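[1] sequence first, then the predicted structure, then my questions.
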Amino acid sequence: MKGRSAGEGLSFGVSLVRMMEFAWALIEPEKGRFDFRLFDRAIGILAERGIDVILGTPTATFPAWLLDEGEVLQVSRSGRPRDFGSRRMGCFNSPAYREASRRVALACARHFGGDERVVGWQVDNEIGTEGSDICVCDNCRAAWQAWLERRYGSVGAMNAEWGSLFWGASFSRWDQVPVPRDQVATGFNPGLLLDYARFSSDSAASFVEEQEYGREAPRALRRDGGNPRTPLRVAERGKGEDTDRPPPGQGPGLGRHNRARGREGRGMGVEVVERRTVDGGTVKVVLNHNARSVRALGRRIGPYGWAVIG
């Protein structure tokens, strides 16, 4: 960020700049060593010209050193692991990724939380985009089976809800329930697929909420805000096909930004809701979401097994 660039932006009417959401490797080049000097300078240059800043927690991409901390890369339905260097390559259920994400978000908030030139925070970036809403790695398998046990309480209740008797595909233990990898021929029970979409959405949401509301999260990233000018928390959540939007009335005080892109043939829905602003007023927020999970609710047993209705 140079003064000339900031001045040119101001001449075009720029009054607010968002940055830092892909800067993890810059601000934590080595585990536990943080360097915010670049963004300190950038914020200073912008502030001199009256331009405010929103900072993004930089957890959508991670530095290469995190690969040595444990299993952190996603695995696609085909069983193919993601390689380092792409966006949204981290698994939301990876303990190493989640711990490192909490740590860097905490460091960012501690460093910038009292800076009145920072008017807001974006938590992460484009959750679920580029196919990252679904992962079938071993971390996800363990988390999925635990999620099912919490949801149903007993394997029998799950079998009944899914209609698992069809094809004799009933389960007797939680650890028998697979993650929905691509299959050679017929696919999975739609009850399993719908629940896995719910599980994946919950995984993404909890990843974000650990940064927003975790016990160690400083005031700058929590509902109660930091300094008087930093109450805004915008969570980029719900851009993937299987990543749900938050329930009305939940989430940061001003509102969550939520986008979902349907693939060919997918229905899209648009909802306009009101969110409270920090000064007691209201603001309209547009929530876009697709209808895939609604379509998955219908199921039909036919000569070739499960078929999607609609």
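    Good, I have the coordinates.

[2] and the biggest helix by length in the chain, average pLDDT?
    Scanning the chain for the helix with the most residues, using DSSP state H, yields helix 190-213. The average pLDDT within helix 190-213 is 88.

[3] what packs against that helix?
    Helices and strands touching helix 190-213, by 3 or more C-beta pairs under 8 Å, 6 or more residues apart in numbering; DSSP states H and E, are helix 95-112, strand 118-123, helix 138-152, helix 155-162, strand 232-235, helix 292-296. Bear in mind the C-beta positions are built from the backbone N, C-alpha and C, glycine included.

[4] mean pLDDT lowest where, among those?
    Per-stretch mean pLDDT for these is lowest at helix 292-296 (a mean of 34).

[5] pLDDT wise, what is the closest residue to Val136 other than its chain neighbours at?
    Residue nearest to Val136 in three dimensions, not counting chain neighbours: Val179, with 4.0 Å by C-beta to C-beta, 6 or more residues apart in numbering. Note for Val179: predicted pLDDT of 96.

[6] picking that back up, make CSV out of the helices and strands packed on helix 190-213 and add distance to Asp52.
    CSV is the format used below for these (distance: least, C-beta to C-beta, whole Å):
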stretch, distance to Asp52
helix 95-112, 13
strand 118-123, 4
helix 138-152, 38
helix 155-162, 49
strand 232-235, 10
helix 292-296, 37
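
[7] need these in JSON lines with mean neighbour count and distance to Gly44, can you?
    As requested, those are exported to JSON lines (neighbours: other C-beta atoms under 10 Å; distance: least, C-beta to C-beta, whole Å):
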{"stretch": "helix 95-112", "mean neighbour count": "20", "distance to Gly44": "12"}
{"stretch": "strand 118-123", "mean neighbour count": "23", "distance to Gly44": "12"}
{"stretch": "helix 138-152", "mean neighbour count": "17", "distance to Gly44": "41"}
{"stretch": "helix 155-162", "mean neighbour count": "16", "distance to Gly44": "56"}
{"stretch": "strand 232-235", "mean neighbour count": "22", "distance to Gly44": "21"}
{"stretch": "helix 292-296", "mean neighbour count": "16", "distance to Gly44": "45"}
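
[8] between these, which gets nearest to Ala169?
    For Ala169, the closest of those is helix 155-162, at 8.6 Å, according to C-beta to C-beta.

[9] I'm done for today, thanks for sticking with me.
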